[in-house]
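[1] I would like the atomic coordinates for the input below:
(one chain, ligands or ions: 5)
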Amino acid sequence: MKTWLPPVFSLFSLFTTRAAVIVPGATWTDTSEAVIQAHGAGFLKVGSTYYWFGEDKSHNSALFKAVSCYTSSDLMTWSRQNDALSPISGTDISTSNIVERPKVIFNAQNSEYVMWFHSDSSDYGAAMVGVATATTPCGPYTYKASWKPLGADSRDMGLFVDDNSTAYLLYASDNNQNFKISRLTTDYHNVSEQVNVLSASTLEAPGIVKRNGVYYLFASHTSGWTPNPNKYFSTTSLSGTWSSQADIAPEAVRTYFSQNAYDFPLGSNAIYMGDRWRPSLLGSSRYMWFPLSWSSGSPQIVAADVWSVDLTAGTYTVAIGTTYEAEDGTINGSATIISDSAFSSGGGVGWLGHGGTVTISNVQGTGSPQWIALYYANGDSTWRNVTVSVNGGIDVYVDQPDTGGGHVILSVPVQLTLRSGLNSLTFGSNQTNYAGDLDKIIVYTAT
Ligand SMILES: *[C@@H]1O[C@H](CO)[C@@H](O)[C@H](O)[C@H]1NC(C)=O
Ligand SMILES: *[C@@H]1O[C@H](CO)[C@@H](O)[C@H](O)[C@H]1NC(C)=O
Ligand SMILES: *[C@@H]1O[C@H](CO)[C@@H](O)[C@H](O)[C@H]1NC(C)=O
Ligand SMILES: *[C@@H]1O[C@H](CO)[C@@H](O)[C@H](O)[C@H]1NC(C)=O
Ligand SMILES: *[C@@H]1O[C@H](CO)[C@@H](O)[C@H](O)[C@H]1NC(C)=O
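    Ligands and ions are numbered 1, 2, ... in the order given. Model (predicted):
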């Protein structure tokens, strides 16, 4: 049924703003409502504008399509610009090559933007870096070359620019066994000298944040597209000795099913910007950004479902929601209440889907779209999903990545419109496959 909207509402809609929250794992869209395609991200601030560079994987392939460029003033609302780098046939950046993890830095000496990326053959055998330059942040960039820095492998890589403008390449080298840091030439076009190597460290996906004179290196280990517990290391000199590795999140959650891509300084803290890779559907890989807080003395991910950032103040705010325990709902069919200390309040609901459902009643809604985080366990090695039906309405599917063996709990977001007042949410109806075990839901009002 079409409803006539009086002019006052049409006018009002001009003044409503897009969601100004960060929801890790949701399908992020740009200001034209297209899904943001900027994986393996790199960021750059020019004036008051933030630029997000990344891999366009909309063709669901690892092969090179484009390095996209998005702009924002708040890190939350992004507009797509022209592609920063496009394939060139007959070169190492053709559509049958790999271009990953683009990072852009500004070189003041030449007033030039310099993009570095992992440049490879389709079998990842070439293991090179590539460089391209431009006179504007989004370019388009002019491709210069791909090569092995100092003659050695370079696969996953990042860049770090120190306070004195000396820049460094951070890279997985020697068949991903040794992690290296090499100084760039003053024009940022090449590397000049290796300054450090973390031997036999098997690190990937690096980023560095400098805080109070201490360098923090964030990196994953090597498990392909599968997540692993990402780590941090610290040192007071990039050429010095690094601390032994330590966790940024409980090991079991495997960095909340993500891999580091970029680490963004935020006041006295930072933002962990990771990718939730989905190799069978690469363009549906999601962005997993979390506050990285030093409040405990070491950088730790704040597992926020919904949060926002104030770049001027250098602070973040984690939204508080209302929790509803799954085991307090009404089960039907084959659904079973599970007692396990891994679940909050010691219980959850299993055997959902394939005839099993749970209905959580008296869920307070606002009448507007709102974020709901589903906390679940999926002990398979593959993704599951669960349907959600609001007040008996059409089922919405929510993907549930595998959480690892045992009852490791992760959350996935879904945006639903509940009615203002009380609602019933049914999980697992109308699906033949089994859903993950549901621990609880948290309903947020922040939008
Ligand atoms: C910047 O600092 C590093 C580390 O102390 C040093 O190696 C480098 O020479 C410095 N560069 C400049 C341009 O001063
Ligand atoms: C980078 O520098 C090395 C010398 O260290 C040189 O052999 C190589 O050709 C340079 N690569 C590029 C693309 O300029
Ligand atoms: C409970 O399951 C039965 C079949 O097992 C079904 O007929 C009934 O509609 C279900 N009730 C609810 C509330 O989902
Ligand atoms: C839900 O997950 C199952 C695997 O458990 C898969 O076969 C199915 O295609 C998924 N459905 C949707 C709508 O994603
Ligand atoms: C149940 O699933 C079918 C097939 O996926 C779909 O067409 C139908 O709309 C679903 N029913 C509800 C109530 O969501």
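
[2] Could I get the full set of helices for this protein?
    Secondary structure of the chain by DSSP state H: the helices cover 7-15, 254-257.

[3] I'd guessed Lys45 sits against Tyr51; true?
    Yes. In this structure, Lys45 is within contact of Tyr51 by CB atoms under 8 Å, at 7.5 Å. (Glycine included, C-beta is placed from N, CA and C.)

[4] Contacts for stretch 354-364 next, please.
    Applying CB atoms under 8 Å, 6 or more residues apart in numbering, the contact partners of stretch 354-364 are 322, 324, 326, 328-336, 349, 352, 418, 421-429, 431-434, 438, 441, 443.

[5] Spell out whether it and ligand 5 are in contact.
    No. Using CB under 6 Å from any ligand atom, stretch 354-364 never reaches ligand 5; the gap is at least 11.9 Å.

[6] List the buried residues for that stretch?
    By neighbour count on 16 or more other CB atoms under 10 Å, the buried set for stretch 354-364 is Gly356, Thr357, Val358, Thr359, Ile360, Val363.

[7] how near is the fourth one to ligand 4?
    Counting by CB to the nearest ligand atom, to the nearest Å, the gap from Thr359 to ligand 4 is 20 Å.

[8] Thr445 too?
    Distance from Thr445 to ligand 4, by CB to the nearest ligand atom: 28 Å.

[9] ok now do that residue, which residues does it touch?
    Thr445 sits next to Ala319, Gly321, Thr366, Gln370 when contact means CB under 8 Å, 6+ apart.

[10] Narrow the residues you listed to just the buried residues.
    Applying 16+ other CB under 10 Å to those flags Ala319, Gly321, Gln370 as buried.

[11] Do I have it right that Ser284 meets Asp275?
    No. At 11.5 Å, Ser284 does not count as touching Asp275 under the criterion of CB under 8 Å.

[12] For the protein, list the residues in contact with ligand 5, please.
    Ile394, Asp395, Asn430.

[13] Can I get these in TSV including neighbour count, distance to Glu33 and pLDDT?
    What follows is those, written out as TSV (neighbours: other CB atoms under 10 Å; distance: CB to CB, whole Å; pLDDT from 0 to 100):
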residue	neighbour count	distance to Glu33	pLDDT
Ile394	9	21	97
Asp395	17	23	97
Asn430	12	27	96
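
[14] residue ranges of the strands in the stretch 301-447 of the chain, please?
    307-310, 315-318, 322-325, 330-332, 336-339, 347-350, 357-365, 369-377, 384-390, 396-400, 410-417, 421-427, 437-443 (DSSP state E, counting those that start in this stretch).

[15] same for the fifth one, what does it pack against?
    For strand 336-339, the helices and strands in contact under the criterion 3 or more CB pairs under 8 Å, 6 or more residues apart in numbering; DSSP states H and E are strand 347-350.

[16] Identify the residues contacting the strand it packs on?
    Residues contacting strand 347-350 (CB under 8 Å, 6+ apart): 325-327, 329, 331, 335-340, 358, 377, 407, 427, 437-440.

[17] can it be found next to ligand 3?
    No. Against ligand 3, strand 347-350 shows no contacts by CB under 6 Å from any ligand atom, the least distance being 13.4 Å.

[18] which residues touch Trp242?
    Trp242 sits next to Asn196, Leu198, Leu217, Phe233, Ser234, Thr235 when contact means CB under 8 Å, 6+ apart.

[19] what do you get if the cut-off is 6 Å, keeping everything else the same?
    Phe233, Thr235 (CB atoms under 6 Å, 6 or more residues apart in numbering).

[20] cool, and the one 3 residues further on?
    Listed by CB under 6 Å, 6+ apart, the contact set of Gln245 reads Lys231, Phe233.

[21] Distance of it relative to Gly392?
    Gln245 sits 50 Å away from Gly392, going by CB to CB, to the nearest Å.

[22] One more: Glu112?
    On the measure of CB to CB, Glu112 and Gly392 end up 60 Å apart.

[23] Compute the number of surrounding residues for Ala26.
    Neighbours of Ala26 under the rule other CB atoms under 10 Å: 18.

[24] Skip the chain neighbours and tell me the closest residue to it.
    Closest residue to Ala26 apart from its sequence neighbours, by CB to CB, 6 or more residues apart in numbering: Pro413 at 4.7 Å.

[25] correct me, but the one you found touches Val23?
    Yes. Pro413 is in contact with Val23 according to CB atoms under 6 Å; the separation is 5.0 Å.

[26] who touches both of the two?
    Contact with both Pro413 and Val23 is made by residues Trp371, according to CB under 6 Å, 6+ apart.

[27] neighbour count winner among these two?
    Neighbour count, other CB under 10 Å: between Pro413 and Val23, Val23 has more, with 25 against 19.

[28] pLDDT weak spots in the chain?
    Filtered on pLDDT under 70, the chain yields the residue ranges 1-19.

[29] thinking again about what came up before, now the strands of the stretch 301-447 of the chain as JSON lines including distance to Ala167?
    What follows is the strands of the stretch 301-447 of the chain, written out as JSON lines (distance: least, CB to CB, whole Å):
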{"stretch": "strand 307-310", "distance to Ala167": "26"}
{"stretch": "strand 315-318", "distance to Ala167": "27"}
{"stretch": "strand 322-325", "distance to Ala167": "46"}
{"stretch": "strand 330-332", "distance to Ala167": "58"}
{"stretch": "strand 336-339", "distance to Ala167": "52"}
{"stretch": "strand 347-350", "distance to Ala167": "49"}
{"stretch": "strand 357-365", "distance to Ala167": "50"}
{"stretch": "strand 369-377", "distance to Ala167": "38"}
{"stretch": "strand 384-390", "distance to Ala167": "43"}
{"stretch": "strand 396-400", "distance to Ala167": "38"}
{"stretch": "strand 410-417", "distance to Ala167": "36"}
{"stretch": "strand 421-427", "distance to Ala167": "49"}
{"stretch": "strand 437-443", "distance to Ala167": "42"}
